[in-house]
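Chemist: heads up, no residue letters with this:
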């Protein structure tokens, strides 16, 4: 009887020890699989709600030849479109749509960024603005480097490519930015009711 009891006690002790070892091994694995905490000096990527187009680092030339950053647009709502002055298809329609809004809303400013910086230098932008009677107090036309243009286009979700030496194929997006350069709304081809409501 005593031998049987001692034997069972030994079995229970061995089983108990095995369970403890398994538990410790599991905790160890869980700790190894748990990612290390992020370093305290890590730069956090801004959320979509807080990101501003005006934080992009590019340098641009406006229609007067003045160098400026996008941050100089801060302070008023902006309707922005990527166009080029030699376009005979969608760009004239986009500019006409923006002019329609300009006639009915005195608070918004307008920005046209050239998709064709090789041909759209400040002199060409200025002639384009004069021809279409775009008031320089409300309309800013910009040209920049290919790299800065690509970065801005990617940020706005505008796709473009050269299809002939004279013509570009591109998205026809109009983007509403708030006073701090955050994207509020986008529409394709024309300013939809949602953009107008956001402006109001």
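Modeler: Now that the structure is in, tell me what you want to look at. Please read all numbers here as calculations on a predicted model, not as lab measurements.
Chemist: C-alpha only now, for contacts and for neighbours.
Modeler: OK.
Chemist: not counting sequence-adjacent ones, nearest residue to the residue nearest the centre of the chain?
Modeler: The chain has residue 155 as the residue nearest its centroid, 3.2 Å off, counting by C-alpha atoms, centre = their mean. Distances taken as C-alpha to C-alpha, 6 or more residues apart in numbering put residue 53 closest to residue 155, at 7.5 Å, once the chain neighbours are dropped.
Chemist: just residue 58 next, same as before
Modeler: Residue 58 sits nearest to residue 148 (C-alpha to C-alpha, 6+ apart), 5.2 Å away.
Chemist: that neighbour reaches residue 69, doesn't it?
Modeler: No - the pair residue 148 / residue 69 is not scored as a contact, 10.7 Å apart, by C-alpha atoms under 8 Å.
Chemist: identify the contacts common to these two.
Modeler: 57, 58, 59 (C-alpha atoms under 8 Å, 6 or more residues apart in numbering).
Chemist: highest neighbour count among those?
Modeler: residue 58 (17 neighbours; other C-alpha atoms under 10 Å).
Chemist: re earlier: isn't the residue nearest to residue 155 right next to residue 182, touching?
Modeler: Yes - between residue 53 and residue 182 a contact is recorded at 6.1 Å, counting by C-alpha under 8 Å.
Chemist: just to revisit the earlier point, which of the three states applies to the residue nearest to residue 58?
Modeler: Using DSSP: H, G, I helix; E, B strand; the rest coil, the structure places residue 148 in helix.
Chemist: show me what contacts it?
Modeler: Residue 148 neighbours (C-alpha under 8 Å, 6+ apart): 57, 58, 59.
Chemist: let's have these in TSV, adding pLDDT, secondary structure and distance to residue 135.
Modeler: Below are those laid out as TSV (pLDDT from 0 to 100; DSSP: H, G, I helix; E, B strand; the rest coil; distance: C-alpha to C-alpha, whole Å):
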residue	pLDDT	secondary structure	distance to residue 135
57	92	coil	27
58	93	coil	24
59	94	coil	23
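Chemist: can I get those in TSV including distance to residue 104?
Modeler: Converted to TSV, the contacts of residue 148 look like this (distance: C-alpha to C-alpha, whole Å):
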residue	distance to residue 104
57	33
58	31
59	31
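Chemist: now, which of those sits nearest residue 124?
Modeler: Comparing these against residue 124 with C-alpha to C-alpha picks out residue 59 as the nearest, at 18.2 Å.
Chemist: about what we covered before: next one: the residue nearest to residue 155 from residue 78, what distance?
Modeler: Distance of residue 53 to residue 78, given as C-alpha to C-alpha, to the nearest Å: 11 Å.
Chemist: how far out from the middle of the chain is stretch 166-180?
Modeler: 12 Å (C-alpha atoms, centre = their mean, to the nearest Å).
Chemist: now the end-to-end length of it.
Modeler: 35 Å.
Chemist: let me know the average pLDDT across the helix or strand where residue 152 lies.
Modeler: Using DSSP states H and E, the element containing residue 152 is helix 146-156. For helix 146-156, mean pLDDT is 96.
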